[in-house]
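1. One predicted model, sequence on top.
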2 protein chains.
Amino acid sequence: MDIRCLIIDEMHPSILPLLDQIGVQVEYLPSIDRKGILAIISSFHGIIVRSKIDLDLDFFKHADNLKFIARAGAGMDRIDLEEAKKRNIILINAPEGNSNALAEHALSLLLNLMNKIKTSDSEISRKIWRREENRGYELEGKVAAIIGYGHMGKAFAKKLSLLGCKVIAYDKYLINFSDQYVQEASLEEVLNKCEILSIHIPMNTENHQFINQGFFNKIQKNIWFINTARGEVLETRALINALNNGKVIGAGLDVLENEKLHQLTEQQKKDLRDLLSIDSVILTPHVGGWTYESYERINRVLVNKILENKKLIQS
Amino acid sequence: MDIRCLIIDEMHPSILPLLDQIGVQVEYLPSIDRKGILAIISSFHGIIVRSKIDLDLDFFKHADNLKFIARAGAGMDRIDLEEAKKRNIILINAPEGNSNALAEHALSLLLNLMNKIKTSDSEISRKIWRREENRGYELEGKVAAIIGYGHMGKAFAKKLSLLGCKVIAYDKYLINFSDQYVQEASLEEVLNKCEILSIHIPMNTENHQFINQGFFNKIQKNIWFINTARGEVLETRALINALNNGKVIGAGLDVLENEKLHQLTEQQKKDLRDLLSIDSVILTPHVGGWTYESYERINRVLVNKILENKKLIQS
């Protein structure tokens, strides 16, 4: 059986020769819309997606012949995983392809806050040269806590450890993962000890607003906070309160609860206004895993995983 | 003999008990001006300085009893070293106290540029959410070159190496310093291979505008450029040209040729305007070595070195 695969999002062009090499036929339709996808998906065995559409029950009803879904990235939160499982659809993602990119981005946000790069640069653009007020803090020696010890959390933990942090990590689903870079910890230990906190959990029903007001209240020290996971795992208002009362010294956010800035609710508008009014907040547009290097590396990871599953797909 | 020491700059208050512990008498006069210093310096054996005044021939003429100069920081460029040597004055500085701070700051500037944090954050403040345009570059795997392999260059080299860069370093005065983190290189190799270039040479007559137009012309690849050393070692206009023609992708500058922003020459005004107009330039107000941690650590380094030299000072 020939494998036919539909690509619905813009991908690095290397995906086409790579799929060709493993004998997969491709339709590359990066401009297709949801309606168009539903109209033709029944003739494909596989779909490669970034984040154009939700792969929900309605989608699956149209996808009679679907054998695999390949996500060019890590997060599977826009896929109805239960339904996919019910239909024995093989799920592929590529966190190995962009975990270094994400860890470097998280480090950038953190160092920017600790060294007051944003305020310094902004002041100089207004001809203000203030040294004492822009004195920074050192990463070396700080206790950094990672929540969620998957590919992303692990990659960032290693970098922090190499730069001299004491790194502790909590993962609800993992045990016995301490190594030379990281020490496994309970959630309570994280709350008691962290001076830097970075979130690396997926978005799903149980993680919705996992970081909320009660969570910040239980943190013992003043911290730097980084979220490169998903906006919905954080209660934005609680973070704003924690910034205002000093519990959070600075926050670097690569993700927002609603990333469509022109479709915000009134509350989301107010939250964004408040975040933007705080100097020690840095926002980036969900590009943590997006580098020129990862763009191409993700393709190799996906195609290797499709190849590994080729027999299963053809069966 | 009792050792009497004058402190002319603001210091972390820990300096007072530390000097007391080693039996040094202190006058702490952080608000004193040059005239005041010259009026009383003859009654002191030591002076602790940051950067308030030039310790020039005129100063030394007033400092009949001076046995040591302790610089709370690394750079000795505001001290007439030849004259100090002639007078057998012991010179103490404290690069060990702020090299980690400086290396973390240099890393912040570099990662900020490579991950487009500044442009991303600025766009979001204007409700612009652009992902493809803010795709970053990864540090891991890049060739980073360090010019000047003293305490600062070495500290930054180690971090870059731990984060996965191939680090090469050139130092006019050092040989046989390759180790697990860095490979010694000729200036030619640096020019041929570097993708990231960071400057860590002191300012002195021979280093004035060491990085000039001819230097940028000889660099083979397009690079990220970091200067946390001294503004005067760089020909600012040459950097602006290199930014404009793409040879320099981004520049992070913690130092400027003239850091008194309200006393700039016409040329310096134009240079600053041009730097500020380029999105891929980040400026910070000479705070590379300035952290809360280094502020206190510098004192311990200085006082230990004064203690080591105590017999010599008293002789």
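-> Received, thanks. Numbering: from 1, shown residues only, chains lettered A, B, ... in the order given.
2. Need the three-state assignment for A:R300.
-> For A:R300, the assignment made with DSSP: H, G, I helix; E, B strand; the rest coil gives helix.
3. list the contacts for it?
-> A:14, A:18, A:97 (C-beta atoms under 8 Å, 6 or more residues apart in numbering or on different chains). C-beta here means a position set from N, CA and C on the backbone, and glycine is covered the same way.
4. Check A:K247 too.
-> Contacts of A:K247 were listed using C-beta under 8 Å, 6+ apart, and they are A:216, A:219, A:222-223.
5. do the same with A:I89
-> A:I89 is in contact with A:66-69, counting by C-beta under 8 Å, 6+ apart.
6. and the two most separated of the residues you listed?
-> Greatest spatial distance in these: A:K67 and A:I69, 9.0 Å, computed using C-beta to C-beta.
7. Need the overlap of contacts for these two.
-> A:46, A:89-90.
8. Strands of chain A, residue ranges please.
-> Under the criterion DSSP state E, chain A carries strands at the ranges A:3-7, A:24-28, A:46-49, A:68-71, A:90-93, A:143-147, A:166-170, A:183-184, A:196-199, A:223-227, A:248-253, A:281-283.
9. Of all these, which one comes closest to chain B?
-> Among the strands of chain A, strand A:281-283 comes nearest to chain B, with 4.4 Å by C-beta to the nearest C-beta.
10. Tell me the pLDDT of A:V26.
-> You'll see A:V26 listed with a pLDDT of 97.
11. what comes into contact with stretch A:141-149?
-> Residues beyond stretch A:141-149 that count as contacts (C-beta under 8 Å, 6+ apart) turn out to be A:153-154, A:156-157, A:160, A:164-171, A:174, A:177, A:182, A:185, A:187, A:190, A:193-202, A:229, B:293.
12. Pull the contacting residues for the spatially closest residue to A:M152 that is not a sequence neighbour.
-> Spatially, and ignoring its direct neighbours in sequence, A:M152 is nearest to A:H200 (4.4 Å; C-beta to C-beta, 6 or more residues apart in numbering or on different chains). By C-beta under 8 Å, 6+ apart, the contact set of A:H200 is A:146-150, A:152-153, A:156, A:228-229.
13. Find the residue at the geometric middle of chain A.
-> Against the mean C-alpha coordinate of chain A, by C-alpha atoms, centre = their mean, the closest residue is A:A229 at 3.5 Å.
14. ok, the closest residue to that residue other than its chain neighbours - how many residues close by?
-> Spatial nearest neighbour of A:A229, chain neighbours left out: A:I199 (4.8 Å); criterion: C-beta to C-beta, 6+ apart. Using other C-beta atoms under 10 Å in any protein chain shown, the number of residues around A:I199 comes to 24.
15. Kindly report the same for A:P202.
-> Other residues near A:P202 come to 16 when the count uses other C-beta under 10 Å.
16. how much space is there between it and A:I79?
-> Separation of A:P202 from A:I79 (C-beta to C-beta, to the nearest Å): 11 Å.
17. contacting residues for the residue in chain A sticking out farthest from the centre?
-> Most distant from the centre of chain A: A:K127, at 36.6 Å, with distances by C-alpha atoms, centre = their mean. Residues touching A:K127, when contacts are defined by C-beta under 8 Å, 6+ apart, comprise B:261-262.
18. What is the neighbour count of A:W224?
-> Residues lying near A:W224 (other C-beta under 10 Å) number 24.
19. how about stretch A:136-143 as CSV, C-alpha atoms only?
-> Written as CSV, here are the backbone C-alpha positions of stretch A:136-143 (Å, rounded to 0.1, in the frame of the first residue of the first chain):
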residue,chain,number,x,y,z
GLY,A,136,21.3,42.6,38.1
TYR,A,137,21.1,39.2,39.8
GLU,A,138,23.3,36.2,39.1
LEU,A,139,21.9,32.9,38.0
GLU,A,140,24.8,30.9,39.4
GLY,A,141,23.9,29.5,42.8
LYS,A,142,20.1,30.0,42.6
VAL,A,143,17.6,27.2,43.2
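20. who touches stretch A:15-28?
-> Residues lying outside stretch A:15-28 but in contact with it, judged by C-beta under 8 Å, 6+ apart, are A:2-7, A:11, A:40, A:44, A:46, A:48, A:299-300, A:302-303, A:306-307, A:310.
21. Stretch A:58-72 now?
-> The contact list for stretch A:58-72, computed with C-beta under 8 Å, 6+ apart, reads A:3, A:5, A:9, A:11, A:37-39, A:41-50, A:53, A:55, A:79-80, A:83-84, A:87, A:89-94, A:97, A:298-299, A:302, A:305-306, A:309, A:312-313.
22. Please apply the same query to stretch A:251-271.
-> Outside of stretch A:251-271, the residues within contact range by C-beta under 8 Å, 6+ apart are A:105-106, A:109-110, A:112-113, A:224-232, A:234, A:236-237, A:239-240, A:243, A:272, A:275, A:278, A:280-288, B:124, B:127-129.
23. Which positions in that stretch come out as buried?
-> A:251-258, A:261, A:264, A:268, A:271 (16 or more other C-beta atoms under 10 Å in any protein chain shown).
24. How far off centre is it?
-> Its chain's average C-alpha position is 16 Å from that of stretch A:251-271, according to C-alpha atoms, centre = their mean, to the nearest Å.
25. Just the terminal-to-terminal distance for that stretch.
-> With C-alpha to C-alpha, to the nearest Å applied, stretch A:251-271 spans 14 Å between its terminal residues.
26. Equivalent analysis for stretch A:281-292, please.
-> Stretch A:281-292: ends 26 Å apart by C-alpha to C-alpha.
27. quick check, that stretch touching chain B?
-> Yes: for stretch A:281-292 and chain B, the contact criterion (C-beta under 8 Å from any C-beta of the partner chain) is met by A:282-287, A:290-292.
28. Pull out the buried positions in that stretch.
-> Counting neighbours by 16+ other C-beta under 10 Å, the buried set in stretch A:281-292 is A:281-291.
29. Ok, stretch A:162-175 next?
-> Of the residues in stretch A:162-175, those buried by neighbour count under the rule 16+ other C-beta under 10 Å are A:162-165, A:167-171.
30. hmm, who's touching that stretch?
-> Residues beyond stretch A:162-175 that count as contacts (C-beta under 8 Å, 6+ apart) turn out to be A:107, A:139-150, A:153, A:157, A:160-161, A:177, A:181-187, A:189-190, A:193-194, A:196, B:100, B:104, B:159, B:162-163.
31. mind listing which of those are in helices?
-> Filtering those for membership in helices, criterion DSSP state H, returns A:107, A:153, A:157, A:160-161, A:187, A:189-190, A:193, B:100, B:104, B:159, B:162.
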